[in-house]
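Enquirer: Next comes the sequence, and after it the predicted model I'd like to discuss.
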Amino acid sequence: MANLMKQAQKMQRQMEEQAKEMETREFVATAGGGAVEVTVSGTKRG
């Protein structure tokens with residue numbers, strides 16, 4: 001049982017680290033041959 005708790009805590013730390021990393025990224029998508037471009041940050045703000 002203790003091993004299961006350690007695994008859950010490790011997974012939680014990894015998820016928190018990945019969420020912080022996503023906040024520093026931007027994603028860009030285009031459509032219509034470049035007529036429309038959307039940029040979204042990892043903080044979900046445009």
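Expert: Yep, that arrived.
Enquirer: need the helix or strand of this structure with the lowest average pLDDT.
Expert: Least confident helix or strand, the chain: strand 36-41 with a mean of 90, by mean pLDDT, DSSP states H and E.
Enquirer: can you pull the buried residues of that one?
Expert: Buried residues in strand 36-41, counted by 16 or more other CB atoms under 10 Å: none are found. Bear in mind the C-beta positions are built from the backbone N, C-alpha and C, glycine included.
Enquirer: In its sheet, which strands sit next to it, and in what direction?
Expert: Strand 36-41 sits in its sheet next to strand 26-31 (antiparallel), going by DSSP bridges.
Enquirer: about what we covered before: mind exporting the least confident helix or strand of the chain as CSV, just the C-alpha atoms?
Expert: Extracted in CSV, the C-alpha atoms of strand 36-41 (Å, rounded to 0.1, in the frame of the first residue of the first chain):
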residue,chain,number,x,y,z
VAL,A,36,-6.5,32.6,-40.4
GLU,A,37,-3.8,32.2,-37.8
VAL,A,38,-4.5,31.4,-34.1
THR,A,39,-1.9,31.5,-31.4
VAL,A,40,-2.7,30.1,-28.0
SER,A,41,-0.4,30.1,-25.0
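Enquirer: so how far is that strand from its chain's centroid?
Expert: Remark: strand 36-41 is offset 16 Å from the chain centroid, using CA atoms, centre = their mean, to the nearest Å.
Enquirer: ok, now stretch 25-45?
Expert: Mean-position distance between stretch 25-45 and its chain equals 15 Å (CA atoms, centre = their mean).
Enquirer: Contacts made by that stretch with the rest, please.
Expert: Glu21, Met22, Glu23, Thr24, Gly46 (CB atoms under 8 Å, 6 or more residues apart in numbering).
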